[in-house]
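Enquirer: Sequence first, then the predicted structure, then my questions.
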Amino acid sequence: MESAENTVNLHDNITKKVFGALEVLLGKERFAVWFSGSAVQLKEENENKTLVFTVRNRFAADWIKNNFGKELEQVCVLIFNQVLPIHFVLGGSPFSPLKSGGDAQKRVYSAEYSAPPPEQNPALKTAGPRFHSLKTFVEGMSNRLACRAVDLALNHPGKITPMYISGPSSVGKTHLLEGIWTEYRKKRKTPLYMTAEQFTAAFMEAIQRGTTRNEIAEFHNRFKNIAILLIDDIQHFINKDATQNILIQTIDTLQSKGIQIVLSGSIPFQNLENRLKPEIVSRIQAGMICPIEQPERETSLKIVQNLVAERKLPFGDDICRMIASRFGIHARQLHGAVNLLHASFPTTDEPLTLKAAEETLAKLESYQRRNVRLQDINKAVCETFGLSEDALKSKSRIEPISTARTLAMFLARKHTGAALVEIGHFFGGRKHSTVISAQKKVDGWVDSAHPINAGHFALPVPEAIQRIERVLQSQ
């Protein structure tokens, strides 16, 4: 009996550790979508260990293997000090309903947020996480077009749809979508916010229950009475043909009813054209494309000043400017710096000095520095210029690619320890003399404030370099 109890305790302990680590690595929402209701156990045979996950269906198993392999390896090393073989068996349920009882065919999944107007659902505020408000979003040159799109979605819904808000991580895409959701709720309308993963999971769950028209019709019914559809991270639709087909049907159905659709993703629109179905691309083109860039210094400063004012912190303007200058890559870095200072000086009534703030943030700043590789330079430049990641390695000499390649070689010299020959070889097998020439050319551009076309903006070279470096630091 004691042995059985020990076995149960060991199993529970492994489950808590594995699922706890996965929740940290994936985030609560993604973990809930794919692992809620699942089980995990450690199987040992002849000193060989295997981690066995029980999930509901083959789709869930394939998705986890194809998308979370790196995270599963990290968990194994963290808990078992080695990478273990991972097996999947069918039988669990990767989806967890928010409400128990009722018709099982009408589940509401834990990471999807939609509800009737407040008077019909007084418990709404506890049904999901607290969403962002548009009042806390700081507008600047880098996001102005997206802010205008949000205004249109709120005040003239259905007039321009779908909208696509794109940009790198932590520039406010999700904040805007959640802010729209919040405003619709205030107007007693019914918004539906979901990530692309949640959309895919809900669709595949409908298919797993059967292949008849009733299951697909049931999937469509969840969009029947909504006032707006907000889908985040649409890059996760890439290589999912069946889900893209149902997305096209959903867009067409909602457009025919005048329902607003807002999409967001981390991939610039021009890079989606060969990765999503032409029907989706053409519908986005007929709507509105709204790129968000990394925040400029003034926007970063406003974000810091708002945080300081909101928390009534005794920080002078010099400290705010220092934080914006050193941590202004994206909003999360700014929040982290302010949080650290707030925690370090929680009770003092005296204004914090610049020197004390710099000393406190020095360690955080050192954590955010990392070794830069040539691949990182290539990715940052291509993202800024809206190019495919193999463009700079090609033989093409057309002006946009040639200019971007020249800047990439310059930045490779500045931020990596790679030799001239190595840099030239990486960027399409070019000679070391080409790299030297690129450095001299960019130095000349900087001195003359030479303008270049960087993605959606014509910029002086110094500002283009700054944008690339911000993308590089945010990777």
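Expert: In hand now; what should we look at? The structure presented is a predicted model; accordingly, all values stated were derived computationally and were not measured. Numbering: from 1, shown residues only.
Enquirer: Now do the same for the nearest residue to residue 15 once chain neighbours are set aside: helix, strand or coil?
Expert: Closest residue to residue 15 in three dimensions, ignoring its sequence neighbours and counting by C-beta to C-beta, 6 or more residues apart in numbering: residue 40, at 5.6 Å. C-beta here means a position set from N, CA and C on the backbone, and glycine is covered the same way. Three-state assignment for residue 40 (DSSP: H, G, I helix; E, B strand; the rest coil): strand.
Enquirer: Same check on residue 387?
Expert: Per three-state DSSP, residue 387 ends up coil.
Enquirer: That one: how many residues sit nearby?
Expert: The local packing of residue 387 (other C-beta atoms under 10 Å) involves 22 other residues.
Enquirer: ditto for the one 4 residues further on
Expert: Close neighbours of residue 391, defined as other C-beta under 10 Å, add up to 19.
Enquirer: Residue 205 now?
Expert: 21.
Enquirer: Checking my notes, it in a helix, right?
Expert: Yes - in this structure, residue 205 lies within a helix as judged by three-state DSSP.
Enquirer: returning to that earlier point: pLDDT score for the residue nearest to residue 15?
Expert: On pLDDT, residue 40 comes in at 90.
Enquirer: Contacts only, for it.
Expert: 14, 15, 18, 19, 51, 52, 53, 54 (C-beta atoms under 8 Å, 6 or more residues apart in numbering).
Enquirer: What strand or helix carries residue 422?
Expert: For residue 422, the host element (DSSP states H and E) is helix 420-426.
Enquirer: and what of residue 377?
Expert: Judged by DSSP H and E, residue 377 forms part of helix 374-385.
Enquirer: who does that helix touch, helix- and strand-wise?
Expert: Contacts defined by 3 or more C-beta pairs under 8 Å, 6 or more residues apart in numbering; DSSP states H and E place helix 374-385 against helix 399-415, helix 420-426, helix 461-474.
Enquirer: Off-centre distance for the last one?
Expert: Think helix 461-474. 19 Å (C-alpha atoms, centre = their mean, to the nearest Å).
Enquirer: what's the angle between that helix and helix 399-415?
Expert: Comparing the axes of helix 461-474 and helix 399-415 via axes from the mean of the first three to the mean of the last three C-alpha atoms, to 10 degrees yields an angle of 70 degrees.
Enquirer: Going by contacts, tell me the helices and strands next to helix 461-474.
Expert: For helix 461-474, the packing partners by 3+ C-beta pairs under 8 Å, 6+ apart are helix 374-385, helix 399-415, helix 432-448, strand 451-454.
Enquirer: what would those look like in CSV with distance to residue 136, mean pLDDT and mean neighbour count?
Expert: Listed next are the helices and strands packed on helix 461-474 as CSV, based on distance: least, C-beta to C-beta, whole Å; pLDDT from 0 to 100; neighbours: other C-beta atoms under 10 Å:
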stretch, distance to residue 136, mean pLDDT, mean neighbour count
helix 374-385, 26, 89, 23
helix 399-415, 33, 89, 21
helix 432-448, 36, 87, 16
strand 451-454, 29, 71, 18
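Enquirer: okay if I get those as a markdown table plus distance to residue 27?
Expert: Listed next are the helices and strands packed on helix 461-474 as a markdown table, based on distance: least, C-beta to C-beta, whole Å:
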| stretch | distance to residue 27 |
| --- | --- |
| helix 374-385 | 22 |
| helix 399-415 | 29 |
| helix 432-448 | 39 |
| strand 451-454 | 31 |
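Enquirer: wait, which of these is closest to residue 23?
Expert: helix 374-385 (28.0 Å; C-beta to C-beta).
Enquirer: Show me the contact partners of the closest one.
Expert: Residues contacting helix 374-385 (C-beta under 8 Å, 6+ apart): 168, 268, 387-389, 391-393, 400, 404, 407-408, 411-412, 415-416, 418, 422-423, 426-427, 454-455, 464, 467-469, 471-472, 475.
Enquirer: and that helix, how far from the chain's centre?
Expert: That offset, for helix 374-385, works out to 18 Å (C-alpha atoms, centre = their mean).
Enquirer: got it, and stretch 419-437?
Expert: 33 Å.
Enquirer: Over to the residue nearest the centre of the chain: give its phi and psi.
Expert: Residue closest to the average C-alpha location in the chain (C-alpha atoms, centre = their mean): residue 169, at 5.2 Å. Per-residue torsions, residue 169: phi -60, psi 140 (degrees, to the nearest 10).
Enquirer: how close does it get to residue 183?
Expert: 24 Å (C-beta to C-beta, to the nearest Å).
Enquirer: do residue 154 as well
Expert: 6 Å.
Enquirer: Looking at those two, which is more packed in?
Expert: Set residue 154 next to residue 183 and count neighbours by other C-beta under 10 Å: residue 183 wins out with 19 against 16.
Enquirer: which ones are touching that one?
Expert: 134, 154.
Enquirer: Just grab the bridge partners of the closest residue to residue 449 other than its chain neighbours for me.
Expert: Leaving aside its chain neighbours, residue 449 sits nearest to residue 460 (4.5 Å; criterion: C-beta to C-beta, 6+ apart). For residue 460, the beta-bridge partners are residue 451 (DSSP bridges).
Enquirer: just to revisit the earlier point, who's the residue nearest to residue 15 bridged to?
Expert: The partner residues for residue 40, given DSSP bridges, come to residue 53.
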